[in-house]
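Novice: Okay, predicted coordinates and the sequence, questions at the end:
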Amino acid sequence: MYVNQVFSEEECDRILASLDEDKWEEAMVGGIAGKGVFSVQKDYRSNYQQTVPVANDGFPLNRIGQEISTANSSLWRFDLDGFAEDDLPWVMNYCRVGDHNNWHVDVGQAATASRKLGFSLQLTDGTEYEGGDLAFHRIRKERGELTRKGTLVVFPAFWLHKVAPMIAGHRKSVVGWVHGPSFR
Ligand SMILES: O=C(O)CCC(=O)C(=O)O
Ligand SMILES: [Fe+2]
């Protein structure tokens with residue numbers, strides 16, 4: 001896993017300020033049966049989401065893309081193409097008690113088949129909420145290591161991970177995937 005403090009608090013606030021409060025939609029589960037087969041299943045996941053707003057200068061996806069390239073060169077050396085037009089990053093919003101995303105992997109069939117690396121950028125700080133921790137199967141991390149505002153976490157899309165149920169407060173993250181040719 002690659003963990004780095006990539007954005008300042010002010011830059012995270014710039015992303016937060018660019019969000020549209022009218023655009024939150026209930027996150028869905030799917031991509032297994034085929035393209036476009038998604039549904040709300042609150043026992044698997046419960047959170048709001050909206051596509052991440054990208055400024056004219058490419059902020060913040062340009063920086064995230066560069067950082068993922070750097071991480072990939074030193075750690076996995078996967079063949080990568082970049083972000084996919086039909087699978088652009090989301091801002092995830094965990095604002096209700098119990099909001100969560102149960103154990104899953106990010107790579108599946110259809111639109112998610114070519115995901116190689118996933119990322120999660122912390123827009124909020126771990127001190128702003130209880131529960132809601134991003135966790136990876138069999139990887140032990142101190143709570144503060146992944147929760148700091150501005151921290152980018154990069155991981156292979158086939159790693160098992162989850163977001164624990166919210167107990168209090170609000171958590172927001174930018175979550176997305178860099179695609180590439182199929183594993184072989
Ligand atoms: O909110 C996060 O940090 C991760 C969410 C996640 O794993 C996903 O949406 O696939
Ligand atoms: Fe995920």
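Specialist: Right, received. Where do you want to start? Ligands and ions are numbered 1, 2, ... in the order given.
Novice: dump the residue contacts of the residue of the chain at minimum distance from ligand 1.
Specialist: Distance from ligand 1 to each residue of the chain (CB to the nearest ligand atom) is smallest for residue 120, at 3.4 Å. Yep, even glycine has a C-beta here, placed from its N, CA and C like the rest. By CB atoms under 8 Å, 6 or more residues apart in numbering, the residues touching residue 120 are 134, 152, 153, 173, 174, 175.
Novice: and those residues near ligand 1, which?
Specialist: 134, 173, 175 (CB under 6 Å from any ligand atom).
Novice: Dump those residues into CSV; add distance to residue 99, neighbour count and secondary structure as well.
Specialist: As requested, the ones next to ligand 1 among the contacts of residue 120 are exported to CSV (distance: CB to CB, whole Å; neighbours: other CB atoms under 10 Å; DSSP: H, G, I helix; E, B strand; the rest coil):
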residue, distance to residue 99, neighbour count, secondary structure
134, 13, 20, strand
173, 12, 26, strand
175, 14, 21, strand
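Novice: And the longest helix seen in the chain, what's buried?
Specialist: In the chain, with assignment by DSSP state H, the single longest helix is helix 61-74. Of all the residues in helix 61-74, those buried under the rule 16 or more other CB atoms under 10 Å are 61, 64, 65, 67, 68, 71, 72.
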